[in-house]
Structure formats: C-alpha cells, structure tokens
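Undergrad: Below are the sequence and a predicted model; questions follow.
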Amino acid sequence: MVGKIAESSFLRDNAQKWMSFDWILNENNLTKIIEGKYDDKAELGDDADDLIPVIVDDSEVAI
C-alpha cells in the first residue's frame, strides 16, 4: 500500500497538504488506494498507434 501511495502523483503531491494516516486508514479511502483509483493513468504519446483495440461490451477500447 505504501508503494501505491508513493507511485501516485495525486497522493504524493497532496500528502503534506491534507492527507493523514487517519485518511489513509479510513476503510473507503484504503479500498480506493488498493483498487488503484489514485494510480497515475498512462498518458497517450507516440506509442498510441501501437495500442490494440479490444471490444468490451460493444465498445471499442484501446489497451
């Protein structure tokens, strides 16, 4: 869990502003951290053409 916090720019940047251990250990927030809600999202760059389209629920999604 500490690794996920360290890898998240959102959590890392806000750690000294408002985040506390109580906030992290709150059941709802802890679940979101573990599930990856605060993980950095990959930015599409020059490799965007290499993405593979996948059909999920009749919607095309690039992975």
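TA: Now that the structure is in, tell me what you want to look at.

Undergrad: which regions of this protein lie under the pLDDT threshold?
TA: Applying pLDDT under 70 to the chain picks out residues 43-63.

Undergrad: where along it do the helices fall?
TA: Secondary structure of the chain (DSSP state H): helices at 2-7, 9-14, 21-25, 27-35.

Undergrad: other SSEs contacting the second one?
TA: Counting contacts by 3 or more Cβ pairs under 8 Å, 6 or more residues apart in numbering; DSSP states H and E, helix 9-14 packs against helix 2-7. Any C-beta I mention is one placed from the backbone N, CA and C, and that applies to glycine too.

Undergrad: Not counting the helix it packs on itself, show me its contacts.
TA: Here helix 2-7 makes contact (Cβ atoms under 8 Å, 6 or more residues apart in numbering) with 11-12, 15, 24, 33-34, 36, 38-40.

Undergrad: Tell me who's in contact with the residue nearest to Leu30 when sequence neighbours are not counted.
TA: Once flanking residues are discounted, Leu30 sits nearest to Ile24: 6.4 Å by Cβ to Cβ, 6 or more residues apart in numbering. By Cβ under 8 Å, 6+ apart, the contact list for Ile24 reads 1, 5, 30, 33.
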